[in-house]
Each structure stands twice: as C-alpha cells, then as structure tokens.
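Peer 1: Provided below for reference: sequence and predicted model.
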Amino acid sequence: MILTDFKKESQTVYKGTVHDPEKNDSYKCTITIKDNNHLDLRGYIGIPLFGRTEHWTRVVERQEG
C-alpha cells in the first residue's frame, strides 16, 4: 500500500500518509479532488510548503471489440 490512513477534511480534501517505495520513506499527504477524473496529491514533511504535488488523471480502460 502506498496511500494509508486518509480522513475526509472537507468535501474535496483528504489527509493521510503516502509511502514512497523507491526511497522507503513515508510522508504526510493531502489529496484534493479536482473533478471526477483528476486529483492533486501533495506529499510533504512537516508543513505542505515543503513538499511536492503530483497531478493524477483517471485512466479509462478500453473495452475490446
């Protein structure tokens, strides 16, 4: 698991922990839902100012046929 212990803070914001398996480190994390297909994930140490944001987009699975 890379995302754990998330709690809903508001209608679009969740806070928890993100794990980086390459560095084997865990960080505080905020997920902000932008819309049904996009979210921002911000991992940080201490306060969000000292972190990095990744923009995630839902991948739609293609149906064969």
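Peer 2: Yep, it's here. Numbers count the residues shown, from 1 in each chain.

Peer 1: contacts and neighbour counts: CA atoms only from here.
Peer 2: Will do.

Peer 1: All the strands of this structure, in order from the start?
Peer 2: Under the criterion DSSP state E, the chain contains strands at 3-8, 13-20, 25-35, 38-44, 51-57.

Peer 1: What strands flank the shortest one, and is each parallel or antiparallel?
Peer 2: Going back to what we said before, that points to strand 3-8. Sheet pairing of strand 3-8 (DSSP bridges) gives strand 13-20 (antiparallel).

Peer 1: Look up how far Arg52 lies from Thr12.
Peer 2: 19 Å (CA to CA, to the nearest Å).

Peer 1: Excluding sequence neighbours, find me the nearest residue to the spatially most central residue of the chain.
Peer 2: Geometric centre of the chain, nearest residue: Leu41, 3.2 Å, by CA atoms, centre = their mean. Spatial nearest neighbour of Leu41, excluding adjacent residues (CA to CA, 6 or more residues apart in numbering): Ile31 at 4.6 Å.

Peer 1: who does that neighbour bridge with?
Peer 2: In beta-bridge terms (that is, DSSP bridges), Ile31 pairs with Tyr14, Leu41.

Peer 1: Could you count how many residues lie near the nearest residue to Asp5 once chain neighbours are set aside?
Peer 2: Closest residue to Asp5 apart from its sequence neighbours, by CA to CA, 6+ apart: Gly16 at 5.0 Å. Counted with other CA atoms under 10 Å, the neighbours of Gly16 add up to 16.

Peer 1: Let me know how buried the residue nearest to Leu41 is, in neighbour terms.
Peer 2: A count of nearby residues for Ile31, using other CA under 10 Å, gives 22.

Peer 1: Many thanks, I have nothing further to ask.
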